[in-house]
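# Here is a sequence with its predicted model. Questions after.
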Protein chains: 2
Amino acid sequence: MTGEERPDSANGRRAQLLKGVAELALLSLLGERPQYGLEILERLRGEAGVELAAGTIYPLLHRLERGKLTRAEWRIEDDGARPRKYYALTDLGREELASQLVEWRRLAKALNAFLDRRRTK
Amino acid sequence: MTGEERPDSANGRRAQLLKGVAELALLSLLGERPQYGLEILERLRGEAGVELAAGTIYPLLHRLERGKLTRAEWRIEDDGARPRKYYALTDLGREELASQLVEWRRLAKALNAFLDRRRTK
DNA sequence: ATATCATATCTTGCTATACAAGATGACAGG
DNA sequence: CCTGTCATCTTGTATAGCAAGATATGATAT
């Protein structure tokens, strides 16, 4: 540690903004159809603007599975690729998604209004 | 620890959603005028929908001060109250606020579009 | 066959930031 | 002087992200 780390290095802050949002984005994505790790990673980055590291997605997937929000199975596709582990939402996962959606919208709306109010003053 | 903590207890998740957002809300609030700890806490809760604990706000304020994003001074108001420590944004703090605003809006916009797309399908 | 490359999953060790609970101190009113 | 309230700050714990690298499989080239 060099001693005076400022809290505003772009990498560090992006990570902080992501907290809590990663799980929601993932649940929403899986709500569409079952998908596997790297596929999830790429779609979150490309479509949701959420850049997770590979070392982040697997622990997250395991946590969701332990909490019974997702269910996993190995599958072999006809594209001749190696087996991949597909994660699917459970019913509990769908409930959780709905509840996180409500909470996210509440926070985003309140915070945006708050920020806008201050900006135009 | 009882052994099987599900990741969806409301308290736990709210905390996660807050991560990264607390600092932005605080910077924005201080952009208006210097304020002290408990005042900040109440306004963030009431106006921004961001519920921080008292044990969260002071370490956060100290971190910002160490990073030279804020400057603090003890002040005595005429309302006969005891001295309070007022925190004010520095120029660096204003830059940081601007940059976090950009990042927040990018993420909120991308994620909202992503979530909406999936919902109507 | 075997070496190598790309894909894919998972683990380890670290850091950042939030929380709960409680310590500390100052002032006001009884 | 004692007690309650306001206000700041500290300590210990948990969560969730990251970087880096280990491991495994199948495809392709030698």
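Looks like it came in fine. Numbering: from 1, shown residues only, chains lettered A, B, ... in the order given.
# Stretch A:67-83: end-to-end distance?
24 Å (CA to CA, to the nearest Å).
# Does it reach DNA strand C?
Yes: using CB under 7 Å from any atom of the strand, stretch A:67-83 reaches DNA strand C at A:81-82. For every residue, glycine as well, the C-beta is placed using N, CA and C.
# Over to stretch A:21-30?
No: contact of stretch A:21-30 with DNA strand C (CB under 7 Å from any atom of the strand) is absent, the minimum separation being 12.7 Å.
# what sits against the closest residue to A:Q100 other than its chain neighbours?
Using CB to CB, 6 or more residues apart in numbering or on different chains and skipping the chain neighbours, the partner closest in space to A:Q100 is A:L24 (4.6 Å). The neighbours of A:L24, taking CB atoms under 8 Å, 6 or more residues apart in numbering or on different chains as the test, are A:97, A:100-101, A:104, B:111, B:115.
# And the next helix or strand past the helix or strand harbouring A:L24?
Taking DSSP states H and E as the definition, A:L24 sits inside helix A:21-32. Following helix A:21-32 in sequence order, the next helix or strand is strand A:35-36 (DSSP H and E).
# That following strand pairs with which strands, and in what direction?
Partner strands and pairing direction for strand A:35-36 (DSSP bridges) are strand A:84-89 (antiparallel).
# what's the burial count for the closest residue to A:R43 other than its chain neighbours?
Of all residues not flanking A:R43 in the chain, A:L29 sits nearest, at 6.0 Å (CB to CB, 6+ apart). Neighbours of A:L29 under the rule other CB atoms under 10 Å in any protein chain shown: 23.
# if I pick A:L29, what's in contact with it?
A:35, A:40, A:43-44, A:48, B:118.
# at 7 Å instead, please
Contacts for A:L29 (CB atoms under 7 Å, 6 or more residues apart in numbering or on different chains) come out as A:35, A:40, A:43-44.
# From chain B, how far off is the residue nearest the centre of chain A?
In chain A, the centroid-proximal residue (CA atoms, centre = their mean) is A:A22; its distance is 2.4 Å. Here A:A22 is placed at a distance of 9 Å from chain B (CB to the nearest CB, to the nearest Å).
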